[in-house]
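# Sequence plus the predicted model coming up.
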Amino acid sequence: MTIQYEVVIWTVINFVLLFGVLYFLLFKPTLKTMDSRREKIERGRAKREELSALASEAEQKRKTAAESAARLRRERAEKEYEDAARNCEEQRLSAEAESKMLFSAKRDELLKEENEITASLTGALPALSEAVAKKLMEKGL
């Protein structure tokens, strides 16, 4: 068994050529594809994190806006309630004042009427007592 140097050399040359062809046709394109996929995955992760941060920021802004809107609605309702209560109190006071004024005017009118009736009765009393006295005398009492 002798070593055939020619076969060994051709085997080494074939192995180097096969390795070179496989390296350039398979290994290098596969590494390039794997690197590009890794980059895509990293970009996707970065984009997801960015979008997640934006989503949480938007959610926080939404919560803040909802709280602000609720606070404004509550303040508006309280103001409207206070305005309605104040308006009601003003109307009550106005009605009370008008009632007192009407009561006072009616009382003055009734007192005036009473004074007129008293004056007319006072003025008619002597004439009436004379007429009654005449009637009684006519009847003989």
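Ah, there it is.

# So, low pLDDT: which residues of this protein?
Per-residue confidence for the chain (pLDDT under 70) gives these ranges: 141.

# And the helices in it?
Applying DSSP state H to the chain gives helices spanning 5-22, 28-139.

# Neighbours of K135, how many?
By the other CB atoms under 10 Å criterion, the neighbourhood of K135 contains 10 residues. C-beta: built from backbone N, CA, C; applies to glycine.

# and the gap between it and S120?
Between K135 and S120 the distance, using CB to CB, to the nearest Å, works out to 21 Å.

# Over to Q60?
Counting by CB to CB, the gap from Q60 to S120 is 89 Å.

# can you check R73 too?
Distance, R73 to S120, by CB to CB: 69 Å.

# Then A55?
In this view, A55 and S120 are 95 Å apart by CB to CB.

# repeat for L51
To S120, L51 is 100 Å away according to CB to CB.

# I13 too?
Distance of I13 to S120, computed by CB to CB: 155 Å.

# and if you look at R62?
For R62, the distance to S120 under the criterion CB to CB works out to 85 Å.

# Dihedrals phi and psi, I3?
Note on I3: its backbone torsions stand at phi -90, psi 130 [degrees, to the nearest 10].

# count of neighbours near it?
Using other CB under 10 Å, I3 has 7 neighbouring residues.

# The one 10 residues further on now?
By the other CB under 10 Å criterion, the neighbourhood of I13 contains 10 residues.

# Report the backbone C-alpha coordinates of stretch 30-49 in CSV.
Below are the C-alpha coordinates for stretch 30-49, written out as CSV (Å, rounded to 0.1, in the frame of the first residue of the first chain):
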residue,chain,number,x,y,z
THR,A,30,-27.1,31.6,4.1
LEU,A,31,-25.2,33.8,6.5
LYS,A,32,-26.3,36.9,4.5
THR,A,33,-30.0,35.7,4.7
MET,A,34,-29.6,34.9,8.4
ASP,A,35,-28.1,38.3,9.1
SER,A,36,-30.9,40.1,7.2
ARG,A,37,-33.5,38.1,9.1
ARG,A,38,-31.8,38.9,12.4
GLU,A,39,-31.8,42.6,11.4
LYS,A,40,-35.5,42.4,10.5
ILE,A,41,-36.3,40.8,13.8
GLU,A,42,-34.4,43.4,15.7
ARG,A,43,-36.1,46.2,13.8
GLY,A,44,-39.4,44.5,14.5
ARG,A,45,-38.6,44.3,18.2
ALA,A,46,-37.5,48.0,18.3
LYS,A,47,-40.7,49.0,16.4
ARG,A,48,-42.8,46.9,18.8
GLU,A,49,-41.2,48.6,21.8
